[in-house]
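Asker: here are the coordinates; sequence isn't available:
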């Protein structure tokens, strides 16, 4: 069997090397499994401490997807087979190690290029968001659609969605709206737009670059390479839905009240096809997820990235113990095409106690938060 992550080191004329890591599960659209997380984390740590590695590139196998999110089917099996608890060992291992990997990318000392072509959802955005050089293409379709499966935009989503302009991040979280390459740049989750066909040219230029011993200098080298390649692709950048609807999106949240915002978004149906799809996803999504998204957005305002990831781990594990995550995965991914039966099934039925349960820290194995040592 082929490895689920393939690694390659290309030696440059300077004697330095570029490390390439390819997610290699194209049949599942490179959905991120625990094995992939562990392989990536281990190799990134090795490359970070290896003075000969000047730059790291992360990309996905196939043309359809960089990474379509976490392997939630495996999580569903783990929860149904081993218990819906807030300390399910398989779920705890996956979420905590995935978040640790994302945090490592945010703090990486060397340039990290993420080539985010095709579908980029959930955990794929977690890998993309913290990279130093984030590249999207004409095929890129980014989304955080967790509301449709009874979860919430995790992997640091409470950090990077809050940093999108205006209320666009909160809108994207509540609706799972599909973002194109231009949207990704407007939302500050991507830095460069290149054509899909330019990947091999990027590889060639990185391979032949005159790398230095300084990480800052090498970041500049990558920036210069991408800037040159971008000149040939800018004309193909698609129109941005986020930019076009920015005023409308901000108006949805004028009252800063969740129920009012939901009503306003639903009321936008019929105005525009992109808004229509976003409103429909919200209408069919989990009311609990909508409430969690709203509360996470509020709490994240003054928190560091490390504290946000710690908070998200608590909520993710509580989602494993509560019904909507299992129900959403069952309906949409296991028994495809069925309608989820949410608990509660109306936003107005979400009590303060129900919401507070999702933020209650579990009794962690070993007595400490698994991400206690993030700094």
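Answerer: Arrived safely, thanks for sending. Keep in mind that this is a model prediction, so the values were computed, not measured. Residues are numbered from 1 along each chain as shown.
Asker: Check the offset of the helix or strand of the chain with the lowest mean pLDDT from the chain's centre.
Answerer: Least confident helix or strand, the chain: helix 72-82 with a mean of 93, by mean pLDDT, DSSP states H and E. Relative to the chain's own centre, helix 72-82 is displaced by 20 Å; criterion: C-alpha atoms, centre = their mean, to the nearest Å.
Asker: and the angle for the next helix or strand after it with helix 72-82?
Answerer: Sequence-wise, the next helix or strand downstream of helix 72-82 (DSSP states H and E) is helix 89-106. Per axes from the mean of the first three to the mean of the last three C-alpha atoms, to 10 degrees, the angle that helix 89-106 makes with helix 72-82 is 150 degrees.
Asker: List the buried residues for helix 89-106?
Answerer: 90-92, 94-106 (16 or more other C-beta atoms under 10 Å). C-betas here are computed from N, CA, C, even on glycine.
Asker: got the contact list for the nearest residue to residue 182 once chain neighbours are set aside?
Answerer: Distance criterion C-beta to C-beta, 6 or more residues apart in numbering; nearest residue to residue 182, sequence neighbours excluded, is residue 240 at 3.9 Å. Contact analysis of residue 240 by C-beta atoms under 8 Å, 6 or more residues apart in numbering lists 180, 182-183, 185-186.
Asker: please redo it, this time with the cut-off set to 10 Å
Answerer: 179-187, 246 (C-beta atoms under 10 Å, 6 or more residues apart in numbering).
Asker: okay if I get those residues as CSV plus distance to residue 9?
Answerer: Below are the contacts of residue 240 laid out as CSV (distance: C-beta to C-beta, whole Å):
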residue, distance to residue 9
179, 33
180, 33
181, 29
182, 34
183, 34
184, 29
185, 30
186, 35
187, 33
246, 43
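Asker: Please work out how many residues are found near residue 250.
Answerer: A count of nearby residues for residue 250, using other C-beta atoms under 10 Å, gives 15.
Asker: Apart from its neighbours in sequence, what residue is nearest it?
Answerer: residue 166 (4.6 Å).
Asker: And what about the one you found, helix, strand or coil?
Answerer: Under DSSP: H, G, I helix; E, B strand; the rest coil, the three-state class of residue 166 is coil.
Asker: Quick check: phi and psi on it?
Answerer: phi 60, psi -130 (degrees, to the nearest 10).
Asker: got the contact list for it?
Answerer: 242, 246-247, 249-251, 253.
Asker: What does the pLDDT read for residue 235?
Answerer: If you check residue 235, the pLDDT there is 77.
Asker: Can you give me the neighbour number for it?
Answerer: 6.
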